[in-house]
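> generate coordinates for the sequence data below:
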Amino acid sequence: MQKRREIVEAGSGDVFVDLGYTDAGERKLRVQLAMRLNELIAAHRLTQAKAAALFGIPQPHVSELKNYKLSRFSSERLLRFMTRLDRDVEIVIRPKAKGHPSGLVSVSVA
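Next up, the predicted model:
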């Protein structure tokens with residue numbers, strides 16, 4: 001019986017880049033925004049129905065957001081949801097960080 005050798009390739013640290021998505025940066029940003037939104041929804045103890053009413057969307061769309069099915073959500077729309085959760089959104093542009101050839105986009109919630 002012949003032994004098979006498996007080749008393991010180190011990832012870049014960005015799953016969307018590794019999967020070959022041309023819009024990897026946008027996808028990563030939407031996931032980061034969705035993570036923060038889900039944290040805020042939980043912190044406000046909102047049901048999906050209450051979050052839906054607050055955001056002006058149907059409840060099944062909140063379920064998609066909760067489960068990171070983000071194809072129907074743009075970054076802009078997710079940022080608007082942040083403001084409806086009593087958060088100000090501030091965009092800061094600064095020189096590119098070393099080690100990030102395509103630039104770095106990150107989300108933080110204070």
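
> use CA for all of it now, contacts and neighbours both
Fine.

> give me the most central residue, this protein.
Val31 (1.4 Å; CA atoms, centre = their mean).

> after the helix or strand containing Ala34, which helix or strand is next?
For Ala34, the host element (DSSP states H and E) is helix 24-43. Sequence order places helix 48-55 as the next helix or strand after helix 24-43, per DSSP H and E.

> got the buried residues for that next one?
By neighbour count with 16 or more other CA atoms under 10 Å, helix 48-55 contains the buried residues Gln48, Ala51, Ala52, Phe55.

> can you list the residues you listed in CSV and add distance to Val92?
Formatted as CSV, these follow (distance: CA to CA, whole Å):
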residue, distance to Val92
Gln48, 31
Ala51, 27
Ala52, 29
Phe55, 25
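
> what's the farthest-apart pair in those residues?
Greatest spatial distance among the buried residues of helix 48-55 (CA to CA): Gln48 and Phe55, at 10.3 Å.

> can you find the helix or strand in the chain with the smallest mean pLDDT?
Every helix and strand in the chain was compared by mean pLDDT, DSSP states H and E; the lowest is helix 15-18, with a mean of 83.

> can I get that helix as CSV, trimmed to CA atoms?
Extracted in CSV, the C-alpha atoms of helix 15-18 (Å, rounded to 0.1, in the frame of the first residue of the first chain):
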residue,chain,number,x,y,z
VAL,A,15,-9.9,33.5,4.6
PHE,A,16,-11.6,35.5,1.8
VAL,A,17,-8.2,36.1,0.1
ASP,A,18,-7.3,32.5,0.5
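
> okay, buried residues for that helix please.
Using 16+ other CA under 10 Å as the test for burial, helix 15-18 gives Phe16, Val17.

> which elements pack onto that helix?
Under the contact criterion of 3 or more CA pairs under 8 Å, 6 or more residues apart in numbering; DSSP states H and E, helix 15-18 touches helix 24-43.

> report the angle between the helix it packs on and helix 48-55.
120 degrees (axes from the mean of the first three to the mean of the last three CA atoms, to 10 degrees).

> can I get the helix holding Ala34 in PDB, CA atoms only?
Provided in PDB are the C-alpha atoms of helix 24-43 (Å, rounded to 0.1, in the frame of the first residue of the first chain):
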ATOM      1  CA  ALA A  24     -12.200  39.900  -0.200                       C
ATOM      2  CA  GLY A  25     -11.800  43.300   1.600                       C
ATOM      3  CA  GLU A  26     -15.500  44.100   1.300                       C
ATOM      4  CA  ARG A  27     -16.500  40.600   2.500                       C
ATOM      5  CA  LYS A  28     -14.200  40.900   5.500                       C
ATOM      6  CA  LEU A  29     -15.500  44.400   6.400                       C
ATOM      7  CA  ARG A  30     -19.100  43.100   6.200                       C
ATOM      8  CA  VAL A  31     -18.300  40.200   8.500                       C
ATOM      9  CA  GLN A  32     -16.600  42.500  11.000                       C
ATOM     10  CA  LEU A  33     -19.600  44.900  10.900                       C
ATOM     11  CA  ALA A  34     -22.000  42.000  11.400                       C
ATOM     12  CA  MET A  35     -20.000  40.700  14.300                       C
ATOM     13  CA  ARG A  36     -20.300  44.000  16.100                       C
ATOM     14  CA  LEU A  37     -24.000  44.400  15.200                       C
ATOM     15  CA  ASN A  38     -24.700  41.000  16.600                       C
ATOM     16  CA  GLU A  39     -22.800  41.900  19.800                       C
ATOM     17  CA  LEU A  40     -24.800  45.100  20.100                       C
ATOM     18  CA  ILE A  41     -28.200  43.400  19.400                       C
ATOM     19  CA  ALA A  42     -27.300  41.000  22.200                       C
ATOM     20  CA  ALA A  43     -26.200  43.800  24.600                       C
END
